[in-house]
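> structure of the sequence below:
(one chain, ligands or ions: 1)
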Amino acid sequence: MSRVRARASTRVRTSAFDRAKTEYHKRYKLLAPYVPELIAMKAGLRSAIQMTLPMEQSFKQKLGMLREFCIKVGFFLDHYEINSENKILISGKNLKDIDWEDKNLEYQMGELCAYPECCIEKFVTHKEWTHPLINNVRDLLTKSESFSFVMNPFLRTSPFHLYKHFPCGLDCEKSILFTKELLEVIKQENPGLHGDIVRFNQAPALFLDICGIGIMFLGEIKDGRLTYSNLYYDYDPSSIFQLSSVNHTSDKKLFSDVIEAGASADELILDDKRLTFQAAGRKVKSIASPKRLSWRVVDFR
Ligand SMILES: [Zn+2]
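Got it, this is the predicted structure:
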């Protein structure tokens, strides 16, 4: 392994974001990505959260852990086995029975969780997303006009993401109202989490159009240059790559090239067609954008 590669991977692995994420996962286990939604439920801003867990040996133990948690905090838990998967619903009040055969199941679930009506409407009519977690991000970035950090879509599987529904737009008024209200509640209840949410979401993001992943930079953009101290991203590209409907096999390598160059640099010069990384003012690497991918930088404020 070359010296650059070793240094690069060490730096990515030990980012403040990864450390904080690991800490929450140790404490909350599989509920970690749902911490903001659980706080929302406690405050009456959401009525239920839904989880899908695979059929596997460890499921019984996971279910036991979830039941124990719900008893402790006074939530209700419903478990169903549907299409060889486990559906878990955690709610603040006893829910009516769900009709899993319902043709409008997604609509029903959205209403049950109290997601904004406009977002449910859009979600149920977008059947072309092979996987909404990653395939609607391009759409969101193209069609939205404002980019508030409370709607940052890139930290979805972390405890620092404020919403679990798929918004109709990053500028959806109802979604923004929800995330801002929730952030206010979190500020009162858990100032540490509030600080992490603001810090990790309110940063410039580089979107490579690969697996819906946004690479976040702790830093700032000035005169077309992004100077930063650290970079981080939420999804593991190798585990979600096969879910992407837009990426080629070579995109996996392209992604790791960008991460490697980015991790050994402290500045990114922005250009539509290529990325140029510099360290202490000297060029580290320049990477050209393939035509099929629409790269862009979004400054979440
Ligand atoms: Zn909406």
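> point to the residue nearest the middle of this structure.
What sits nearest the mean C-alpha location of the chain, by CA atoms, centre = their mean, is R156, with 1.7 Å.
> I'd say that one and G214 touch.
No: checked against CB atoms under 8 Å, the pair R156 and G214 is beyond contact range at 9.8 Å. For every residue, glycine as well, the C-beta is placed using N, CA and C.
> can you read off the pLDDT for the residue nearest to the centre of the chain?
Listed pLDDT for R156 reads 93.
> repeat that for R7.
pLDDT, R7: 47.
> again with L133
Value listed for L133 in the pLDDT field: 69.
> what do you get for W129?
64.
> over to C211?
pLDDT, C211: 89.
> what does V297 give?
The model reports V297 with a pLDDT of 92.
> try the one 4 residues further on
The predicted local confidence for R301 comes out at a pLDDT of 90.
> what segments of the chain are strands?
Applying DSSP state E to the chain gives strands spanning 48-54, 76-82, 85-91, 204-207, 214-222, 225-232, 267-269, 274-279, 282-288, 296-299.
> highest mean neighbour count across these, which stretch is it?
Ranked by mean neighbour count under mean count of other CB atoms under 10 Å, the strands of the chain are led by strand 204-207, which reaches a mean of 23.
> coming back round to it: mutual contacts of R156 and G214, please.
By CB atoms under 8 Å, 6 or more residues apart in numbering, R156 and G214 have these common neighbours: D234.
> not counting sequence-adjacent ones, nearest residue to I88?
Spatially, and ignoring its direct neighbours in sequence, I88 is nearest to M51 (4.3 Å; CB to CB, 6 or more residues apart in numbering).
> ranking helices and strands of the chain by mean pLDDT, which lands last?
The helix or strand with the lowest mean pLDDT-type score in the chain, counting by mean pLDDT, DSSP states H and E, is helix 3-13 (a mean of 45).
> who does the longest helix along the chain touch, helix- and strand-wise?
Ranked by residue count and defined by DSSP state H, the top helix of the chain is helix 173-189. If contacts are counted by 3 or more CB pairs under 8 Å, 6 or more residues apart in numbering; DSSP states H and E, helix 173-189 sits against helix 35-42, helix 117-125, helix 191-201.
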